[in-house]
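> Predicted model follows, preceded by the sequence.
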Amino acid sequence: MKLEFTSEIDTMVGPPRRAARPAPQLIFDLPRPLLRQLLAAGLGYLVVMGFAFRAGVGIGLIFAIFATVFVAYYGLPLVMARSSGARRAADARPVGSIETASGPLSHGAAWAQVMTVPLLMLGWAIVVAVLHARLFP
């Protein structure tokens, strides 16, 4: 697009300039120990709820809520990562950091960002189990 004005205004707009280099492809794969901890937190939730309600009337609703949260929490990032195209090898990951959508994070910060929801769910399961045991002995 090119706009030219008369000499009274003296303004010209040319085509937009292209970026010198494209942005680097991000790697959103999590380290295996972190994936194991996520799985352990999810299984811990199911075990606590299973023992608390002993496969009673409310267990179906609890497992349905867990399944919905689990699919949303892991499914959406998986779809986004697969739709982003070709990725670099996992070995090309910068040492000491994990790339996230908000930028590179240290391992501890990434752990806190990823494990917050699963640990809150596990904590909530323990609270619900204790309340259920106290209210319905």
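That came through fine. These numbers come from a predicted model, not from an experiment.

> quick one, what contacts residue 133?
residue 52 (Cβ atoms under 8 Å, 6 or more residues apart in numbering). All C-beta atoms are positioned from the backbone trio N, CA, C, and that covers glycine.

> which element is it on?
Secondary structure assigned from DSSP states H and E places residue 133 in helix 107-135.

> can you pull the buried residues of that helix?
For helix 107-135, burial by neighbour count (16 or more other Cβ atoms under 10 Å) applies to 110-111, 114, 118-119, 121-122, 125, 128-129, 132.

> Quick one: the helices in this structure, in order.
Here the chain has its helices, by DSSP state H, at 32-53, 59-83, 107-135.

> Which stretch among those helices approaches residue 97 most closely?
If you check each of those against residue 97 by Cβ to Cβ, helix 107-135 wins as the nearest, at 7.5 Å.

> how big is the angle separating that closest one from helix 32-53?
When axes from the mean of the first three to the mean of the last three Cα atoms, to 10 degrees is applied, the directions of helix 107-135 and helix 32-53 differ by 10 degrees.
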